[in-house]
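# Sequence unavailable; structure follows:
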């Protein structure tokens, strides 16, 4: 790990908390999907140059405070129903995945005090974020860099008007937060569980119903394989971080025990 020119203790703490999630990526996802590790390292190295140390440390500092103060976090996925009477319920922290960004009208968030974060790897039409990113109490976009996307998403980062936190599934590196996991949904869950959020709900998340319309370069067959890997990572990650996982229709519940 390349040291910060200005020491950032928040970064060290978050990297330590997420180490089990990164181990799961290597042990489960890398083994099953065969992604070259060197490409993940190249992506992280590239991502580290896209944000200043000061901005990165400031952004993850706010993120960490939100994580540690949350009691009920919601992750919105591709099958999320924005008009569900149960939403937002008790959610005090909301993570909107790339696949759900176009589903969330700003008016649905009126009166909500929960902090909202975006998370994904930029495999979408940037115009799809416009309905979501207007008028919401946004914290940051947790932008995932991996071996196949890191040059393309640099253009997306420049178009975003909110802070961008570069992330990796493989490594915590200078200016890059290593979330581990594999797909956006389990990656978000790992971030929340690693910081001890007592209750995590993945809304609109189903391992059997494939939704890949937001992806421009991914077949639905491959998406199904990735979801099977994600299910195993979620299950083993829940056990590692001390959570019980319940899989319901279009929803996954995670409770800390």
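Yep, that arrived. As the structure is a computational prediction, the values presented were derived from the model and not from experiment.
# Distance-wise, check the closest residue to residue 83 other than its chain neighbours relative to residue 99.
Setting aside the residues directly before and after it, residue 83 is nearest to residue 108 in space (C-beta to C-beta, 6 or more residues apart in numbering), at 7.3 Å. Placement of C-beta: from N, CA and C, glycine included. The spacing between residue 108 and residue 99, counted by C-beta to C-beta, to the nearest Å, is 17 Å.
# quick one: which of those two has more around it?
More neighbours surround residue 99 than the other of residue 108 and residue 99, with 26 against 15 (other C-beta atoms under 10 Å).
# Need the three-state assignment for that one.
Following DSSP: H, G, I helix; E, B strand; the rest coil, residue 99 is assigned to helix.
# Touching, it and residue 119? I think so.
No: when contacts are counted by C-beta atoms under 8 Å, residue 99 is not listed as touching residue 119 (10.1 Å).
# Could you tell me which residues touch both of the two?
Common neighbours of residue 99 and residue 119 (criterion: C-beta atoms under 8 Å, 6 or more residues apart in numbering): residue 184.
# re the thing from before, distance of the residue nearest to residue 83 relative to residue 118?
Per C-beta to C-beta, residue 108 is found 15 Å from residue 118.
# mind checking which helix or strand residue 246 is in?
In this assignment (DSSP states H and E), residue 246 forms part of strand 243-248.
# So in this structure, where's the weakest helix or strand by average pLDDT?
Least confident helix or strand of the chain, by mean pLDDT, DSSP states H and E, is helix 153-159 with a mean of 66.
# Now the element after that one, going C-ward?
As assigned by DSSP H and E, the chain's next helix or strand after helix 153-159 is strand 164-168.
# helices or strands up against that next one?
helix 37-47, helix 53-69, strand 138-144, strand 177-178 (3 or more C-beta pairs under 8 Å, 6 or more residues apart in numbering; DSSP states H and E).
# Could you report the pLDDT at the residue nearest the centre of the chain?
Geometric centre of the chain, nearest residue: residue 188, 3.7 Å, by C-alpha atoms, centre = their mean. Note on residue 188: pLDDT of 97.
# Against residue 40, how distant is it?
19 Å.
# quick one: contacts of the strand holding residue 246?
So strand 243-248 is contacted by 193, 200, 207, 231, 234-235, 237-238, 252-257 (C-beta under 8 Å, 6+ apart).
# Can you mark which positions in that strand are buried?
Neighbour counts over strand 243-248 (16 or more other C-beta atoms under 10 Å) mark 243, 245 as buried.
# Quick check: neighbours of the next helix or strand after it in the sheet, parallel or antiparallel?
Moving toward the C-terminus from strand 243-248, the next helix or strand (DSSP H and E) is strand 251-256. Sheet pairing for strand 251-256, assigned by DSSP bridges, gives strand 199-203 (antiparallel), strand 243-248 (antiparallel).
# Adding mean pLDDT and distance to residue 224 as columns, could you present those in JSON lines?
Putting the strands paired with strand 251-256 into JSON lines (pLDDT from 0 to 100; distance: least, C-beta to C-beta, whole Å) gives the following:
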{"stretch": "strand 199-203", "mean pLDDT": "95", "distance to residue 224": "17"}
{"stretch": "strand 243-248", "mean pLDDT": "96", "distance to residue 224": "16"}
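# mind putting these in TSV, distance to residue 172 included?
As requested, those are exported to TSV (distance: least, C-beta to C-beta, whole Å):
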stretch	distance to residue 172
strand 199-203	21
strand 243-248	22
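# if we can go back for a sec, narrow the contacts of strand 243-248 to just the buried residues.
Buried residues within the contacts of strand 243-248, counting neighbours by 16+ other C-beta under 10 Å: 193, 200, 231, 234, 235, 237, 238, 252, 254.
# The fourth one: what's its closest spatial neighbour, skipping adjacent residues?
So the one you mean is residue 234. Nearest non-adjacent residue to residue 234, counting by C-beta to C-beta, 6+ apart: residue 186, 4.7 Å away.
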